[in-house]
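# sequence and predicted structure below; questions after.
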Amino acid sequence: LSELDAPAGRADARAHARALRVHAHIGLGSALSDLGEPGEAETHLRAAIDAGAESASLHAALGLMRVKQGKLAEAAEDLAEARKLDPRLWRVHYLDGLLAEADKDWPRARAAYTRALDASPALATVRERLQFVQTQETP
């Protein structure tokens, strides 16, 4: 690189390194989630967001890890952020359904899971949650 190109080259290298870091954190978060380690998964998903990743899916995944740990207030914040980024994403509706279930708000849970299935009909886990909440009585 010439002297004029050097600063741009360093900036590109930093951007590339940041992108690799984000992808590594997302990959680790996903793998740890699959291994049943929601606390460690949460750490990596949060690190990906802190490194500049912004997506509804990522915020919803972070919220799911927090639901699994009983951190419902934080999960609700993740839901709000995910909803701002893409209110139609099935994961946003799924997280909303899980939070509604935790509150025993069966009508809201049913509606959220129905919206998730409308967005992505082949989701067996969501279908199972919907079947469960349909058996619950509304107060």
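Alright, I've got the coordinates. These numbers come from a predicted model, not from an experiment. Numbers count the residues shown, from 1 in each chain.
# what residues sit buried inside the longest helix seen in the chain?
Once the chain is assigned using DSSP state H, the helix that runs over the most residues is helix 6-34. Using 16 or more other CB atoms under 10 Å as the burial criterion, the residues of helix 6-34 that qualify are 21-22, 25-26, 28-29, 32-33. Yep, even glycine has a C-beta here, placed from its N, CA and C like the rest.
# then stretch 33-41?
Of the residues in stretch 33-41, 33, 37-38, 40-41 count as buried by neighbour count, 16+ other CB under 10 Å.
# tell me the mean pLDDT over it?
For stretch 33-41, the mean pLDDT works out to 93.
# so how far is that stretch off the chain centroid?
Going by CA atoms, centre = their mean, to the nearest Å, the spacing between the C-alpha centre of stretch 33-41 and its chain's C-alpha centre is 13 Å.
# surely Lys104 meets Val133?
No. Contact status for Lys104 versus Val133: not in contact, 9.6 Å apart, counting by CB atoms under 8 Å.
# in the chain, which helix or strand is least confident?
Between all helices and strands in the chain, the lowest mean by mean pLDDT, DSSP states H and E belongs to helix 6-34, at a mean of 82.
# what about Lys104 and Val133, which has more around it?
Ranked by neighbour count (other CB atoms under 10 Å), Lys104 and Val133 place Val133 first, with 23 against 13.
# what about that one, which helix or strand?
Here Val133 sits within helix 124-134, counting by DSSP states H and E.
# number of nearby residues for the nearest residue to Arg115 once chain neighbours are set aside?
Leaving aside its sequence neighbours, Arg115 sits nearest to His93 (CB to CB, 6 or more residues apart in numbering; 4.2 Å). Other residues lying near His93 total 26 when counted by other CB under 10 Å.
# ok, then the element right after the least confident helix or strand of the chain?
Later in the chain than helix 6-34, the nearest helix or strand by DSSP H and E is helix 38-50.
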